[in-house]
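>>> Sequence and predicted structure are below.
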Amino acid sequence: EARLVESGGGLVQAGGSLRLSCAPSIGPFFDDAIGWFRQAPGKEREGVACISRSDGRTNYAESVKGRFIVSSDNAKNTVYLQMNSLKGEDTAVYYCAKACQLTVVDHWGTGTLVTVSS
């Protein structure tokens, strides 16, 4: 089974933007729901956003609503997380997974580190 690979992280100033990408290591997505999660230093992993690739429905954590946008480009076989108006508290390792609920994710990739400097 193909694993998901995250990319696009980096260092950005507060107020800036980054776009993360999530794609299968091989082949196409076979899963409809793709979730983005993050884990900040010393904190538990939490859900950030979720998308249903078939109908485009999305859900967001309250902390990122209005700032983050999750989207899917099925032609490019990639799910994106556009992060705007970044804050220091957004600093974390970001992961994508084949589920929208943290408790049902059975495999985690290496993630991509986002560091927001103030």
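Happy to help now that I have it.

>>> Now do the strands in this structure.
4-7, 10-13, 18-24, 33-39, 46-52, 58-60, 68-73, 78-83, 92-97, 112-117 (DSSP state E).

>>> what packs against the fourth one?
Counting contacts by 3 or more CB pairs under 8 Å, 6 or more residues apart in numbering; DSSP states H and E, strand 33-39 packs against strand 18-24, strand 46-52, strand 78-83, strand 92-97. Yep, even glycine has a C-beta here, placed from its N, CA and C like the rest.

>>> Quick check: which of those is buried the most?
Among the helices and strands packed on strand 33-39, ranked by average contacts under mean count of other CB atoms under 10 Å, first place goes to strand 92-97 (a mean of 24).

>>> Pull up the pairing partners for that one, direction included.
strand 33-39 (antiparallel), strand 112-117 (antiparallel) (DSSP bridges).

>>> how distant is the longest one from the center of its chain?
Averaging C-alpha coordinates over strand 33-39 and over its chain gives two centres that are 5 Å apart (CA atoms, centre = their mean, to the nearest Å).

>>> and what of stretch 66-85?
So, by CA atoms, centre = their mean, the centroid of stretch 66-85 is 8 Å from its chain's centroid.

>>> Could you list the residues in contact with it?
15, 17-24, 28-29, 34, 36, 48-51, 53, 56, 58, 60, 64, 86, 90, 94, 96, 114 (CB atoms under 8 Å, 6 or more residues apart in numbering).

>>> swap in stretch 44-60?
29, 31-39, 61, 64, 68-72, 74, 79, 81, 94-95, 100-102.

>>> could you give the mean pLDDT of that stretch?
For stretch 44-60, the mean pLDDT works out to 96.

>>> and the end-to-end length of it?
17 Å (CA to CA, to the nearest Å).

>>> rewinding a little: reformat the helices and strands packed on strand 33-39 as JSON lines; add distance to Leu11.
Converted to JSON lines, these look like this (distance: least, CB to CB, whole Å):
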{"stretch": "strand 18-24", "distance to Leu11": "9"}
{"stretch": "strand 46-52", "distance to Leu11": "19"}
{"stretch": "strand 78-83", "distance to Leu11": "13"}
{"stretch": "strand 92-97", "distance to Leu11": "13"}
